[in-house]
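Peer 1: give me a 3D structure for the following:
(one chain, ligands or ions: 2)
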Amino acid sequence: MIEIKNLHKKFGDLEVLKGVNLTVASGEVVCIIGPSGSGKSTVLRCINRLETPTAGTVIVDGHDIMNPRTDINYVRTEAGMVFQQFNLFPHMTVLDNVILGPVKVRKMPRADAEHLGHDLLAKVGLGSKALAYPEQLSGGQKQRVAIARALALQPKVILFDEPTSALDPELVGEVLEVMKKLAAEGMTMIVVTHEMGFAREVADRVIFIDEGVIQEENTPQEFFNAPKNPRLRDFLGKIV
Ligand code: ADP
Ligand code: MG
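Peer 2: Residues are numbered from 1 along each chain as shown. Ligands and ions are numbered 1, 2, ... in the order given. From the prediction side, this is the model:
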């Protein structure tokens, strides 16, 4: 589903990604962990070209994102994104936030989109909130709306960038539950997270990025129980 080869990204003189290689198969859940500033968000943002790679290749479901003939807007519908800060439109109802993509991008008739929107809100446990506005929701509810919105474009992969980092601790679980359900349904997911319990339980593979390179990549079992990379051992020692 995703093939990243020798990905480099510089911001001015700052080399943030120094040759990242990562392949994610359809249906896989890959968790990325690493210190702040190590390049985790930049990797995700390069996948749908929110950032332009300096060098290397990124292929999403067969589409080379650097090929000028690739329709990047199409690739962005295939690779949905969920951000730490939700990014909902405050002046629109929850339902309208969810169906904006299908109506605007896919030109879906509004009645069909509303039907889809109600289904997706029910799926994330917010069937009764369709006509609420984002400010009337808790952080956990907002993030579940953001997940429903990502699903509305029927993506082939969802990229989660610290989806629970902005939430009060008691609201983290409800968002992780929705993500677990998606994983169980076979959604391909790349999840940047500090939720080690989630990574342990749900990930097929866990990746540690530090200083712009992948330092370790393993099954959750090996990754957490027998980390090899000294930086990873140090990192896990600080947080667990
Ligand atoms: P992480 O998500 O692992 O915390 P990021 O990928 O956000 O790290 O950032 C990696 C490095 O790149 C940081 O030093 C950050 O300051 C820098 N960076 C990220 N985006 C930009 C940008 N648009 N312009 C300049 N520097 C950036
Ligand atoms: Mg980040």
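
Peer 1: do stretch 183-198 and ligand 1 meet?
Peer 2: No - using Cβ under 6 Å from any ligand atom, we find that stretch 183-198 stays clear of ligand 1, coming within 6.6 Å at best. Where you see a C-beta, it was placed from the backbone N, CA and C, and this is true even at glycine.

Peer 1: ok, and what's touching that stretch?
Peer 2: Outside of stretch 183-198, the residues within contact range by Cβ atoms under 8 Å, 6 or more residues apart in numbering are 1-2, 24-33, 40-41, 44, 47, 156-165, 172, 176, 179-180, 182, 199, 202-203, 224, 236, 239-240.

Peer 1: does residue 66 count as helix, strand or coil?
Peer 2: coil (DSSP: H, G, I helix; E, B strand; the rest coil).

Peer 1: tell me, how many residues neighbour it?
Peer 2: Close neighbours of residue 66, defined as other Cβ atoms under 10 Å, add up to 16.

Peer 1: and it, what's its pLDDT?
Peer 2: On pLDDT, residue 66 comes in at 94.

Peer 1: now residue 73: how far from residue 126?
Peer 2: Distance check for residue 73 against residue 126: by Cβ to Cβ, to the nearest Å, it reads 27 Å.

Peer 1: ok, now residue 155?
Peer 2: For residue 155, the distance to residue 126 - Cβ to Cβ - is 19 Å.

Peer 1: residue 153 too?
Peer 2: From residue 153 to residue 126 the distance is 18 Å (Cβ to Cβ).

Peer 1: among those two, which residue is more densely surrounded?
Peer 2: The residue with more neighbours, out of residue 153 and residue 126, is residue 126; 23 against 18, by other Cβ under 10 Å.

Peer 1: contacting residues for the more buried one?
Peer 2: The neighbours of residue 126, taking Cβ under 8 Å, 6+ apart as the test, are 94, 141, 144-145, 148.

Peer 1: now do 10 Å
Peer 2: Neighbouring residues of residue 126 by Cβ atoms under 10 Å, 6 or more residues apart in numbering: 94-95, 98, 118, 120, 132, 137, 141-142, 144-145, 147-148, 178.

Peer 1: what's the first helix or strand after the longest helix anywhere in the chain?
Peer 2: When the chain is parsed with DSSP state H, its longest helix is helix 169-184. Next helix or strand after helix 169-184 toward the C-terminus (DSSP states H and E): strand 188-192.

Peer 1: so that next one versus helix 169-184, what angle?
Peer 2: If you take axes from the mean of the first three to the mean of the last three Cα atoms, to 10 degrees, strand 188-192 sits at 150 degrees to helix 169-184.

Peer 1: partners of strand 188-192, with directions?
Peer 2: The pairing partners recorded for strand 188-192 under DSSP bridges are strand 29-33 (parallel), strand 157-161 (parallel).

Peer 1: check whether that strand contacts ligand 2.
Peer 2: No - Strand 188-192 does not reach ligand 2 (Cβ under 5 Å from the ion); its nearest approach is 6.3 Å.

Peer 1: can you check stretch 30-46 too?
Peer 2: Yes - using Cβ under 5 Å from the ion, stretch 30-46 reaches ligand 2 at 40-41.
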